[in-house]
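> Provided below for reference: sequence and predicted model.
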Amino acid sequence: MSTVGYLVEQTRHHINAETRDEIDVLAAQITSSSATTLTTTYQRPGIQVGAVLAIDFELLYVVAVSGATVTVIRGWGGSTATTHTNGSVVYVNPKVSAYQILQ
C-alpha cells in the first residue's frame, strides 16, 4: 500500500474507532473502469438499492442487486472509476470513505 493509502486507512480507522462499517469483499476483480456490475462474496444485507459502496478510493452507487451481483453507478460523488482487485474490501454506506479523507 502506498504511503498516502496507508495514511488514509489509518485516519479512517481513527475516525471510525467507535463504530464498525459493514463490509464485504469483491469475489472477482473489476478489470474495467467502465464495468457497471460487481460480484461480492458475502451478500451483506446493507448492499441494497440506494446504498453507497466504497472500494479503495472510489465510491459506487447501487442501482440493482441480484444475489451476489450488484449493478452500480461508478465514480459516484466525484470519485474516479478505476479497476479493483479480487479480494478488495467493499465498505457499505461508510461513515467516512477513503475518498472523502483524501479530499
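That came in fine, so what should we check first? Bear in mind the structure is a predicted one, so any value in this text is a computation, not a measurement. Numbers count the residues shown, from 1 in each chain.
> what about the longest helix in the chain?
Assignment by DSSP state H gives helix 3-15 as the longest helix of the chain.
> that one packs against which elements?
Counting contacts by 3 or more Cβ pairs under 8 Å, 6 or more residues apart in numbering; DSSP states H and E, helix 3-15 is packed against helix 98-102. Every C-beta, even on glycine, is put in place using the N, C-alpha and C of the backbone.
> quick one: strands adjacent to the helix or strand that contains residue 54?
Here residue 54 sits within strand 52-55, counting by DSSP states H and E. If you go by DSSP bridges, strand 52-55 pairs up with strand 58-66 (antiparallel), strand 89-92 (antiparallel).
> what lies in contact with it?
With Cβ atoms under 8 Å, 6 or more residues apart in numbering as the contact definition, strand 52-55 has outside contacts at 26, 30, 47, 59-62, 70, 72, 76-77, 84, 88-94, 97-99.
> report the beta-bridge partners for residue 53.
residue 60, residue 92.
> my bad, should have said residue 40
Taking DSSP bridges as the rule, residue 40 bridges to residue 26.
> how many neighbouring residues does it have?
21 (other Cβ atoms under 10 Å).
> contacts only, for it.
With Cβ under 8 Å, 6+ apart, residue 40 has these contacts: 24, 25, 26, 27, 47, 68, 70, 90.
> right, I'll call it a day here.
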